[in-house]
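1. Sequence first, predicted coordinates after that:
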Amino acid sequence: MTNNLDALRHSCSHIMADAVKRLFPDVHLAIGPAIEEGFYYDFDKKEPFQPEDLSAIESLMADIIKENSEFKREEITKKEALKLFVKEPYKLELINKLESDTISIYTHGKFVDLCKGPHVKATGDIKAFKLLSIAGAYWHGIETNPMLQRIYGTCFETSAGLQE
């Protein structure tokens, strides 16, 4: 996987989390990495996502991409991060496990996420993406932890790449 494709996919996971948060404000965010075939993001949502939710999320993602918001990296203190993510229990757990006193966050538009990066320059750099499926995933992969809902997607530099 190229670095650019990794950044593209990771950025797309942030855009998906933004869309999910706009559609379902009570959702709690967990993590959203790029993976070999695309990306995913884990969510804590009381009701299960439905297949039709994927098309609503995709549609809103397309709107967020059109906004062409810049991905901005910022270093903040651990104390500031704990305050910023006070309503996000999974983010708080991650922040508390970090040994560093500074935490990096990325913002696009009004969406802020705890993140090391990398990202593309702006949401408008995403050209071809597709949400693929919904699955269950335990937090940290441990069956005694809460069951989260994972949405998988993929993203390519071109529509032709996506079609392949």
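-> Nice, I can see it. Computed from a predicted model, the values in this text were never measured in an experiment.
2. can we go C-alpha only for contacts and neighbour counts from here?
-> Will do.
3. If you average the pLDDT over stretch 79-86, what comes out?
-> The pLDDT scores in stretch 79-86 average 97.
4. For that stretch, buried residues please.
-> By neighbour count on 16 or more other C-alpha atoms under 10 Å, the buried set for stretch 79-86 is 81-82, 84-85.
5. Export those to a markdown table and append columns for distance to Cys12 and secondary structure.
-> Below are the buried residues of stretch 79-86 laid out as a markdown table (distance: C-alpha to C-alpha, whole Å; DSSP: H, G, I helix; E, B strand; the rest coil):
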| residue | distance to Cys12 | secondary structure |
| --- | --- | --- |
| Ala81 | 23 | helix |
| Leu82 | 25 | helix |
| Leu84 | 22 | helix |
| Phe85 | 21 | coil |
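6. Just the closest of those residues to Lys116, please.
-> Ala81 (13.4 Å; C-alpha to C-alpha).
7. That closest one against Ile95, yeah?
-> Yes. At 7.3 Å, Ala81 counts as touching Ile95 under the criterion of C-alpha atoms under 8 Å.
8. Which neighbours do those two have in common?
-> Jointly contacting Ala81 and Ile95 under the rule C-alpha atoms under 8 Å, 6 or more residues apart in numbering are Ile103.
9. the bottom helix or strand of this protein by mean pLDDT?
-> helix 159-163 (a mean of 73; mean pLDDT, DSSP states H and E).
10. which other helices and strands contact that helix?
-> strand 128-138, strand 147-156 (3 or more C-alpha pairs under 8 Å, 6 or more residues apart in numbering; DSSP states H and E).
11. Ranking the ones you listed by mean neighbour count, which comes first?
-> Of all the helices and strands packed on helix 159-163, strand 147-156 has the most neighbours on average by mean count of other C-alpha atoms under 10 Å, namely a mean of 22.
12. Return the distance of that one from the chain's centre.
-> Relative to the centre of its chain, strand 147-156 is centred 9 Å away, using C-alpha atoms, centre = their mean, to the nearest Å.
13. Equivalent analysis for stretch 31-43, please.
-> The answer for stretch 31-43 is 7 Å, by C-alpha atoms, centre = their mean.
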